[in-house]
Every structure is written in C-alpha cells, then in structure tokens.
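Novice: sequence unavailable; structure follows:
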C-alpha cells in the first residue's frame, strides 16, 4: 500500500514569507501528526489531527497552524517565516490507538534564508 | 511533563561487537517506540512495545521494556556496518497520539 506522502520535498523561502506543507496519510488512517526536526532541538511535536479536529498541539507559536480535510489529508502552514524555522518537517499517520506504530513520510526540508 | 532520555548519544563500535542503547522516560507511558533514521531520511519504525516485559527481536536488534523502571533497551548483537544510523526512542502518554522523542543515539559501526 502507498505510504505517507509529503509535498514538496524541499523548499527555500525568504524570511517573512509564509509556507504551506502537505501530507497525504496512508489510506484508512485518520490521525495525522506533524513534527519538526532540527539539530539543536531534535524531534518536536507540532500538532495532531483526527477527523478534521485538532486534538493536541505542541509548544509552538501561533505562526504555526494546520488543518485536516475530510479525506484525512493535512496541511500545515507557517506564516512570517524566521531563520529558526529551517528544519525537516515530518508528517506521521496512524490508526487511532494504533499498536503498530506511526508511519512517517519522507519529510519536507524547509530552508529559510 | 514527560521527558525521554537516551544514552549514549554517540556510539562508535566495531563490527561483530554487542552493545546496548538505553531509553529512560519520566512518567508512566502506555506505548514505547523505537525508530531508525538514516542521514537525510525519514524515520523507519523498528519496534512497538506495549506492556511490561515485552521483548521484540528483528535480525540483530532486540528491544525490551520495563515499565516499572521506566526503561527500554535496544540491544545490538554482532553489529554490522549497515546498522549505522541514528536510533530514537519515543513514548506516548495517556492515550495521546503525541510522541515524545529522545535526542537519539548516533551509531557508527566501523569495519
């Protein structure tokens, strides 16, 4: 079966711009989570959506937002980009209460210049 | 606040040797995960441990969970170069789907 698909794979943006990242989960998975990975802070939870509702949110400023559509696809948006937003953004999908683990996408590498 | 600590953070070992990576977490958790990440790549799921005493093995890797000690171990047997990667443990808390990760252990296996 198809895995988790994230687009685009790479992005270069300028400070102050905004960006939208997309994630298509595995078919049938209704939970989508987003993580930011940086060398300094490691892997940090951004938010989690289930059936179009945000259930959990990490400690990130309001510039980071997301949403989930009725087909479970999710987008995250970062407005007013800062240099420190440069990171690998990973999306994971799972069945609710999945005991088989979360499947991660290949990620979007965002570089802010 | 749930915290996850891994040690060591860096591990250089020779092929054929055995070693163990440790993962401690600060509060009771219902699920523990081990992931592998190759440079520039995403996270690959290795193991899901759900209960006290759980042990899972795949090839040269074996993971175990002691919920009373809040400790999981990832044991590497007779390491080979292909195991070189960064290994992360992560836990979830109270039915939440939020994964809290350790900082990762960068493993280098030398010929």
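Specialist: Received it, and whenever you're ready, just let me know what you need. These numbers were taken from a predicted model, which means no experiment stands behind them.
Novice: what does chain A put close to chain B?
Specialist: A:31, A:33, A:35, A:42-45, A:48, A:50, A:55-56, A:58, A:90, A:92, A:94, A:96-97, A:99-107 (CB under 8 Å from any CB of the partner chain). Yep, even glycine has a C-beta here, placed from its N, CA and C like the rest.
Novice: just the strands in chain A please.
Specialist: Remark: strands assigned in chain A by DSSP state E are A:5-7, A:10-13, A:19-24, A:31-38, A:42-50, A:53-57, A:64-68, A:74-78, A:87-94, A:103-104, A:108-112.
Novice: now do the buried residues in the fourth one.
Specialist: Which is strand A:31-38. Residues A:31, A:32, A:33, A:34, A:35, A:36, A:37 are the ones in strand A:31-38 that count as buried (16 or more other CB atoms under 10 Å in any protein chain shown).
Novice: in contact with the residue nearest the centre of chain A, which residues are there?
Specialist: In chain A, the C-alpha nearest the mean C-alpha coordinate belongs to residue A:34, at 3.3 Å (CA atoms, centre = their mean). Residue A:34 makes contact with A:23, A:45, A:46, A:47, A:48, A:66, A:74, A:76, A:89, A:90, A:91, A:92 under the criterion CB atoms under 8 Å, 6 or more residues apart in numbering or on different chains.
Novice: do residue B:5 as well
Specialist: B:23, B:24, B:25, B:102, B:103.
Novice: give me the element it is part of.
Specialist: Following DSSP states H and E, one finds residue B:5 within strand B:4-7.
Novice: pairing partners for that strand, with directions?
Specialist: strand B:19-25 (antiparallel) (DSSP bridges).
Novice: pLDDT on the strand it pairs with, on average?
Specialist: Per-region confidence: strand B:19-25 scores 96 on mean pLDDT.
Novice: which residues of chain B lie near chain A?
Specialist: B:31, B:33, B:35, B:41-45, B:48, B:50, B:88, B:90, B:95-104.
Novice: circling back: got a ChimeraX select line for the buried ones in the residues of chain A next to chain B?
Specialist: Selection of buried members from the residues of chain A next to chain B for ChimeraX, criterion 16+ other CB under 10 Å:
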select /A:31,33,35,43,44,45,48,50,58,90,92,94,101,102,103,104,105,106,107
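Novice: ok so, going back, if the residue nearest to the centre of chain A is in a bridge, with which residues?
Specialist: residue A:47, residue A:91.
Novice: how much space between it and residue A:92?
Specialist: 8 Å (CB to CB, to the nearest Å).
Novice: same question for residue A:2.
Specialist: In terms of CB to CB, residue A:2 sits 15 Å off from residue A:92.
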